[in-house]
Structures are given as structure tokens and as C-alpha cells.
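Student: Let's see this in three dimensions:
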Amino acid sequence: MAITFRKLSEFSEIEQLERMEGKIWDPSSAIPHHMTLTMHKFGGLFLGAFDGEEMIGFLYSFPGFTNGEPHLCSHMLGFLPEYRKQGLGVQMKWLQKEEAAAAGYSKITWTYDPLETVNGVLNIAKLGGIVRTYLPNCYGQLDDDFNRGLPTDRFLVEWMIGSDRVESRQAGNNPTPSLEQVPDLLRLEIKDGIPHPIEIDLSREEPIVLLPVPAFFQDVKRADMTVASMWREMTRELFTAYFAKGYVVTNILRDQSIVRYVLEKQPLTDILGASSSLS
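Tutor: Residues are numbered from 1 along each chain as shown. Purely as a prediction, here's the structure:
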């Protein structure tokens, strides 16, 4: 049976989200349903994925403001384990785009760990989000398997849903600028199959630069937490410095053991194309 997606509006559907969170992550961290119902009543956007009548995934968002600018904060997206890695998250995000635009939003924001590059490919390459803000230790110390042992640094993704850039991604296009002779900001070595960061370069001023990171950061953590900490510290310094210079993350390129973030320094209007909000 085909998976279907729809906006959640019934009390019974919203009530299921607490149980779904417990199944997907940890029951102890699930948001109580009375809070979810309150968010839904006062402007939250809740989407569900269904296999027949069974909810198998969800996405929820709530209104937010940054410097007086309204936007939709996309907080949580998850699927039951047996439904992952099927491209369902992308479909859910395109539905979120449509519903957010219908509600009057021009931008959706969310966070992710810049060293978790599977998320980066979805957020930047497939959806067309951009990043120009780095949030050090965004959630404090977390003790789950995914975050344990490192500061919870995050990228803030800005998804300008009315832009040419996002429309192009939805149509399946992901143009990449010429990257011949584009410099890397970080020198690395592969030792025993694990990428080790060696040296960073804070001096570059070219229009496009590349920042390599491990393709499988959880493997690095399992192999050597000291090396993982070096990746966190060095990439934090680089992203923070180059964002301050005006660079924007516009793409992510996959290799076998390394992926490279593409950072461009050009006007936001050129990066996005036509958009209802370019702030």
C-alpha cells in the first residue's frame, strides 16, 4: 500500500504523536500530548505519514520570530525504523513547504549537526536550504548515543520556500558551480580508515571555498573520541570565521569517506534568486 501524507487536524491524530516519539526515539524524551495539542491550537503545523491507517512518521513545526521576522520553526521529523531511508523525509518536507506557504510563511528554519552529513545532503543539496549561522553547544550536553561526549553544535538551516533556488531543487535540479582549483579550508589525513583533521586555513578570500568533513562521523566517534573532538573544534572555528566574513553554505558534495561543504561569498539575492524574503 502506498504511503500517504497529510496535515493533522483531529484530536486523536495529534494525541498519537507522543506515542510515536517514544517509538522513534526515547519515551522519556517525548513531548507530552497536552503541550502538542496546545501548539496545534495556536499555530503549530503538524504533518503525518500513513501506511494505510497507521501513522508511521510525523513532522511538526511552530511559529517563531528572529529579529522581528516571522518564520516557521521545524522542530522534529521522524519515521518508524522500518520506513527510513526510503525518501519519505523529502516528501514530507515538500508538503511542509506547501502548507507553510499557504499559511503565509516565506521561510522555515531548523537545526542539525554539521558533522552529520546525511542530514546535510537532505537539508542543503536536496531541499535547497542555506546556512549562515553556527550555534555552538546549542542544546547543552546530551547523554543519548547520538550526542554523548561532544558539545551539541548545530547549523541553523534557512529554507526560503519562495525562492528560485528551492523551486529548482523541488524540480530535481541541483546546479553546482565550477570547483576547479577551489581551495580546501582544512587539511586532513586518513589513518586506519578514519579521517583526522590536521590543519585549518582562516586566511582564504576566494568567492568559493570547500570545507571537508567526515562522511561517517559516528564511525569517527566510535573509533577515537579525541579525533572526533578535534573535528568539532576545528570545524567550529572555521564555520564561525567564514560566516563572519559573509560566506554561506550553499551545497554539499559526497565522496566515499569525505564530504565537502561548499561555501560561497556572493549576494544572497544571487544565491536564492527570486524570493519573498531575502533577509
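Student: all strands of the stretch 51-200 of the chain, in order?
Tutor: For the stretch 51-200 of the chain, applying DSSP state E, counting those that start in this stretch gives strands covering 54-66, 69-79, 107-112, 130-135, 154-160, 186-191, 194-200.
Student: Go through those strands and pick out the most buried.
Tutor: Of all the strands of the stretch 51-200 of the chain, strand 154-160 has the most neighbours on average by mean count of other Cβ atoms under 10 Å, namely a mean of 23. For the C-beta atoms, the positions are set from N, CA and C on the backbone; glycine is no exception.
Student: May I have that one as CSV, with CA atoms only?
Tutor: Coordinates of each C-alpha in strand 154-160 appear next as CSV, following Å, rounded to 0.1, in the frame of the first residue of the first chain:
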residue,chain,number,x,y,z
ARG,A,154,24.3,23.0,15.3
PHE,A,155,23.8,24.7,11.9
LEU,A,156,20.7,26.9,11.6
VAL,A,157,19.2,26.0,8.2
GLU,A,158,17.2,28.7,6.5
TRP,A,159,14.7,27.4,3.9
MET,A,160,13.5,30.2,1.7
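Student: what helix or strand is Ser9 on?
Tutor: Assigned by DSSP states H and E, Ser9 falls within no helix or strand.
Student: pLDDT at it, what is it?
Tutor: Per-residue pLDDT puts Ser9 at 86.
Student: Also Ser257?
Tutor: Confidence score, pLDDT, at Ser257: 90.
Student: got it, and Gln218?
Tutor: 93.
Student: In three-state terms, label it for me.
Tutor: helix (DSSP: H, G, I helix; E, B strand; the rest coil).
Student: Number of residues surrounding it?
Tutor: Number of residues near Gln218 (other Cβ atoms under 10 Å) recorded here: 14.
Student: Could you do the one 10 residues further on as well?
Tutor: The criterion is other Cβ under 10 Å. On that basis, Ala228 has 21 neighbouring residues.
Student: Identify the residues contacting it.
Tutor: Contacts for Ala228 (Cβ atoms under 8 Å, 6 or more residues apart in numbering) come out as 149-150, 217, 220-221.
Student: Low-confidence ranges, the stretch 1-150 of the chain, go.
Tutor: 1, 142-147, 149 (pLDDT under 70).
Student: Helices of that one, residue ranges please.
Tutor: Assigned by DSSP state H, counting those that start in this stretch, the helices in the stretch 1-150 of the chain fall at 11-24, 33-41, 88-102, 117-120.
Student: Turn these into a markdown table, columns for mean neighbour count.
Tutor: Converted to a markdown table, these look like this (neighbours: other Cβ atoms under 10 Å):
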| stretch | mean neighbour count |
| --- | --- |
| helix 11-24 | 16 |
| helix 33-41 | 15 |
| helix 88-102 | 18 |
| helix 117-120 | 20 |
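Student: Out of these, the one nearest Gly57 is which?
Tutor: Taking Cβ to Cβ, helix 88-102 is the member of the helices of the stretch 1-150 of the chain nearest to Gly57, at 6.1 Å.
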